[in-house]
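A.B. asks: Sequence and predicted structure, then a few things I'm wondering about:
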Amino acid sequence: MSQRSPEKLKQKLVAFAKDFPFFKLIGFELVDFGPKWSTTRIECRPELNNPNGVMHGGMLATLIDAGITQAMLMTDVYQEVRDTKGSMTSVDLRVRYLRPVNRGYATCHAEITHLGRRIGHAKAVVKNDDGKEVALGDSIVIITQGSG
């Protein structure tokens, strides 16, 4: 494995996130991130709301899942997966909804709490603009190295 520049990798990942069609569709913003952590957000907009006029719970689940993924991307484990054309797959994502989001941003802070060679565990907290927790999430990720 070659020596990587963390700053160059971060710039590359920021550019990718900015242009990724799905992220553009939902308005996913990568605020900041580093190895094993990320801060991401989605603005509450009418097209992301459920019929009750609040952000759809699926958007919060997506924010948590994508935030956890962003927290993985600068880790050495993920770089090995990428280099060997392996995979990293969420096999369990749990979300506990605490209160609705009806304005402003839903901001997610995700953290990888365990990262082994085969299994990763992560947790996330989503807050509203008032700093109140709106959802809690956790995930288990299976890591599969490729054959190169």
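C.D. replies: Good, I have the coordinates. All values reported here derive from a predicted model rather than from experimental measurement.
A.B. asks: And stretch 78-98, what's buried?
C.D. replies: Across stretch 78-98, burial judged by 16 or more other Cβ atoms under 10 Å covers 78-79, 81, 86, 88, 93, 95. The C-beta positions use only the backbone N, C-alpha and C, and glycine is treated the same way.
A.B. asks: what about that stretch, average pLDDT?
C.D. replies: The average pLDDT within stretch 78-98 is 94.
A.B. asks: For the chain, give me the ranges with low pLDDT.
C.D. replies: 1-3 (pLDDT under 70).
A.B. asks: can you tell me which residue is nearest the centre of this structure?
C.D. replies: Gly67 (1.3 Å; Cα atoms, centre = their mean).
A.B. asks: which residues are contacting the lengthiest helix in the chain?
C.D. replies: Secondary structure of the chain per DSSP state H: the longest helix is helix 57-72. In this structure, residues lying in contact with helix 57-72 by Cβ atoms under 8 Å, 6 or more residues apart in numbering are 13, 17, 23, 26, 28, 30, 33, 36-42, 48, 50, 78, 88, 90, 93, 95, 97, 101, 106, 108-112, 115, 120, 122, 124, 126, 134-135, 137, 139, 141.
A.B. asks: contacting residues for Met55?
C.D. replies: Here Met55 is in contact with 42, 44, 48-49, 100-102, 106 (criterion: Cβ under 8 Å, 6+ apart).
A.B. asks: now these in TSV, with distance to Leu9 and neighbour count?
C.D. replies: Below are those laid out as TSV (distance: Cβ to Cβ, whole Å; neighbours: other Cβ atoms under 10 Å):
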residue	distance to Leu9	neighbour count
Ile42	24	24
Cys44	31	20
Leu48	30	19
Asn49	35	16
Pro100	36	18
Val101	31	28
Asn102	37	12
Ala106	27	22
